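> Okay, structure incoming, though there's no sequence with it:
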């Protein structure tokens, strides 16, 4: 008989389908050394007590998270009592497990019984499994008629009160007297807590009523509910929600933001459920992560998002690259970010081309020299003759800033040609950018290149109609002239040293001849 009850206790949960009930994937019965063994496969979870200890939340963040979890448990119990007309019978903190995304799940269905209590029900034959501190009076006295005559939620309402005490006090219930401790219960939940623990079964509060508590339905619940149901939201609702979300994130416990909200945001962006503005929230949460965690949790989404055909999405990613660029490694940039990002160099939209150009300034220090020289420089060469003047100017600025990562060989091969072209640009800021870039990259030019190529190209700009261009040109000439003067001083010293060495050699030769005579 006991075996049949036990089999029923794990068969029934397999039929329960609710988002707040532990999901059973499969089961198998086997005989091992003469013992009947049942293996149950569930979603990956951990005990609530262990998770709460690791999270170590406090203050407002603790209240938000515990309230959200209790709402989930209240909904699960309400489903069992009101929708299934069944009794869980073993509600306490140990009956709660937590998923990797920090969602609470109800489990421990060993005593699950129908409220009618017909046949050999588990609540009767296995109630010894429940500690006396968790048992309402009718179960402790094994008054099954009182259980049947009471509402289907009566037994579990008492258990829900016990769970509430353990969750908010952070301590296991060891005696029924602890239930009188009300200082640990949030004031907004106290009235419901007391009604759950009524001595009269008929007056115990229905879990469905507890689930309506304003304290349990907090901002975190609203955010998660919206994200989980984003597919049925219209554009106006989404725009309004994601406009407010960045301001709401600081109020969300960091572990919940990272392990729950972040994956929901990533999926919503990848599959088009969220507007492009949601990228700002994604990056805001991403700032909470260190390098390895960022690569693990955010980078896979970034690489897919950069490949999106949604121009607004790519624009938001490029605009916020300063917030996550520091977390990207060379391998991630080379293999996952730069390939789709480089498509922006040829985008029809000028603003996307310009943002892509600026993004390289963040990525270049970690990019391979081969990629810079063999791929990026080709794009920059085309952008130097772009129809948009600002893009031509910014291309020159970028080239001057990343010169140090190109290597001496490519600098000597590319820079003077590129800057010489920009010096002839009709857009004044482009000419100024070229002049300043020449000064910044002086060390890559030989004296011959300065005298024969750079100075002849710069000199005409000293009489440019625009004063800023003339000032930049004169400053450039002064910089080059100083280098050439230093070179001249060096040559004179070398000549003097050579002459001295030659004179000494002649004197020594004459002295040797006289001595021989």
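Ah, there it is. Just so we're clear, the structure is a prediction, and the values are computed from it rather than from any experiment. Residues are numbered from 1 along each chain as shown.
> Now do the SS call for residue 27.
Classification of residue 27 using DSSP: H, G, I helix; E, B strand; the rest coil returns strand.
> Wait, it touches residue 41, no?
Yes: taking Cβ atoms under 8 Å as the definition, residue 27 is a contact partner of residue 41 at 6.8 Å. All C-beta atoms are positioned from the backbone trio N, CA, C, and that covers glycine.
> higher neighbour count, these two?
Neighbour totals were compared for residue 27 and residue 41, and residue 27 leads with 14 against 10 (other Cβ atoms under 10 Å).
> nearest residue to that one other than its sequence neighbours?
residue 40 (5.0 Å; Cβ to Cβ, 6 or more residues apart in numbering).
> what does residue 451 give?
Closest residue in space to residue 451, ignoring its immediate chain neighbours: residue 484 at 6.4 Å, by Cβ to Cβ, 6+ apart.
> what's the helix or strand harbouring residue 438 packed up against?
Taking DSSP states H and E as the criterion, residue 438 maps to helix 428-440. Identification of packing neighbours for helix 428-440 by 3 or more Cβ pairs under 8 Å, 6 or more residues apart in numbering; DSSP states H and E yields helix 389-402, helix 408-423, helix 467-516.
> Nearest to residue 165 among the ones you listed would be which one?
Residue 165 lies closest to helix 389-402 among the helices and strands packed on helix 428-440, at 61.6 Å (Cβ to Cβ).
> the inter-axis angle of the closest one versus helix 408-423?
150 degrees (axes from the mean of the first three to the mean of the last three Cα atoms, to 10 degrees).
> picking up where we left off before, Serialize the helices and strands packed on helix 428-440 to a markdown table and add fields for distance to residue 246, mean pLDDT and mean neighbour count.
Formatted as a markdown table, these follow (distance: least, Cβ to Cβ, whole Å; pLDDT from 0 to 100; neighbours: other Cβ atoms under 10 Å):
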| stretch | distance to residue 246 | mean pLDDT | mean neighbour count |
| --- | --- | --- | --- |
| helix 389-402 | 28 | 96 | 21 |
| helix 408-423 | 39 | 93 | 18 |
| helix 467-516 | 39 | 80 | 12 |
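> now for these, which one comes closest to residue 194?
Nearest of the helices and strands packed on helix 428-440 to residue 194, taken as Cβ to Cβ: helix 389-402 at 66.9 Å.
> what's in contact with that closest one?
Helix 389-402 has contacts (Cβ atoms under 8 Å, 6 or more residues apart in numbering) with 350, 353-354, 357-358, 360-361, 364, 372, 380, 383-386, 414-415, 418-419, 422, 425-427, 429-430, 432-434, 436-437, 440-441.
> In this structure residue 284 contacts residue 249, no?
Yes: the criterion here is Cβ under 8 Å, and residue 284 meets it with residue 249 at 5.4 Å.
> Can you select the buried ones from the contacts of helix 389-402 in PyMOL?
Only the buried entries of the contacts of helix 389-402 go into this PyMOL selection, using 16 or more other Cβ atoms under 10 Å:
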select buried, resi 353+354+357+358+360+361+364+372+380+383+384+386+414+415+418+419+422+425+429+430+432+433+434+436+437+440+441
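> in the stretch 1-150 of the chain, which spans are helices?
2-15, 48-55, 59-78, 122-125, 137-140, 144-149 (DSSP state H, counting those that start in this stretch).
> can you tell me which of those helices comes nearest to residue 218?
helix 59-78 (5.4 Å).
> Could you list the buried residues of the closest one?
In terms of neighbour count (16+ other Cβ under 10 Å), helix 59-78 has its buried residues at 61-78.
> Low-confidence regions, the chain specifically.
1-15, 503-517 (pLDDT under 70).
> which residue is nearest the centroid of it?
residue 286 (3.3 Å; Cα atoms, centre = their mean).
> wait, that residue sits on residue 294?
Yes: using Cβ under 8 Å, residue 286 is in contact with residue 294, at 5.9 Å.
> which residues are in contact with both of these two?
Taking Cβ under 8 Å, 6+ apart as the contact rule, residue 286 and residue 294 both touch 324, 327.
> check contacts around residue 339.
By Cβ under 8 Å, 6+ apart, the contact set of residue 339 is empty.
> State the helix or strand in which it lies.
Using DSSP H and E, residue 339 falls within helix 338-341.
> neighbours around residue 123, how many?
Residues contacting residue 123 under the criterion other Cβ under 10 Å number 25.
> wouldn't it be in contact with residue 86 here?
No: if you go by Cβ under 8 Å, residue 123 and residue 86 don't touch, sitting 9.9 Å apart.
> Between those two, which contacts overlap?
Joint contacts of residue 123 and residue 86 (Cβ under 8 Å, 6+ apart) are residue 113.
> circling back to that earlier point, for residue 297, see how far away the residue nearest to the centre of the chain is.
8 Å (Cβ to Cβ, to the nearest Å).
> Name all residues that sit in contact with these two at the same time.
residue 262.
> List the contacts of stretch 411-420.
If you take Cβ under 8 Å, 6+ apart as the criterion, stretch 411-420 is touched by 377, 380-381, 384, 396, 399-400, 403, 406, 434, 437-438, 441, 444-445, 449, 453-454, 457.
> go on, stretch 473-485?
Looking at what lies outside stretch 473-485 - Cβ under 8 Å, 6+ apart - the contacts are 435-436, 438-439, 442, 447, 450-451, 454-455, 458-459, 461-462, 464.
> Among these, name the buried ones.
Using 16+ other Cβ under 10 Å as the burial test, those include 435-436, 438-439, 450, 454, 458, 461, 464 as buried.
> Nearest to residue 199 among those residues?
Closest approach between these and residue 199, by Cβ to Cβ: residue 436, at 83.7 Å.
> can I assume that closest one is in contact with residue 469?
No: applying Cβ under 8 Å, one finds residue 436 not in contact with residue 469, separated by 10.9 Å.
> Return every residue with contacts to both of those two.
Residues touching both residue 436 and residue 469 by Cβ under 8 Å, 6+ apart: none at all.
> and the closest residue to residue 98 other than its chain neighbours, how many residues sit next to it?
Nearest residue to residue 98, sequence neighbours excluded (Cβ to Cβ, 6+ apart): residue 51, at 4.4 Å. Other residues near residue 51 come to 19 when the count uses other Cβ under 10 Å.
> Pretty sure residue 51 sits against residue 96.
No: using Cβ under 8 Å as the test, residue 51 is too far from residue 96 to be in contact (9.3 Å).
> still on that earlier bit, please report how far the residue nearest to residue 451 lies from residue 240.
64 Å.
> go on, residue 494?
Look at residue 494 and residue 240: by Cβ to Cβ, they are 74 Å apart.
> now swap in residue 125 and tell me
Taking Cβ to Cβ, one finds residue 125 at 54 Å from residue 240.
> what about the two, which has more around it?
Under the neighbour definition other Cβ under 10 Å, residue 125 and residue 240 were set side by side, and residue 125 has more, 15 against 11.
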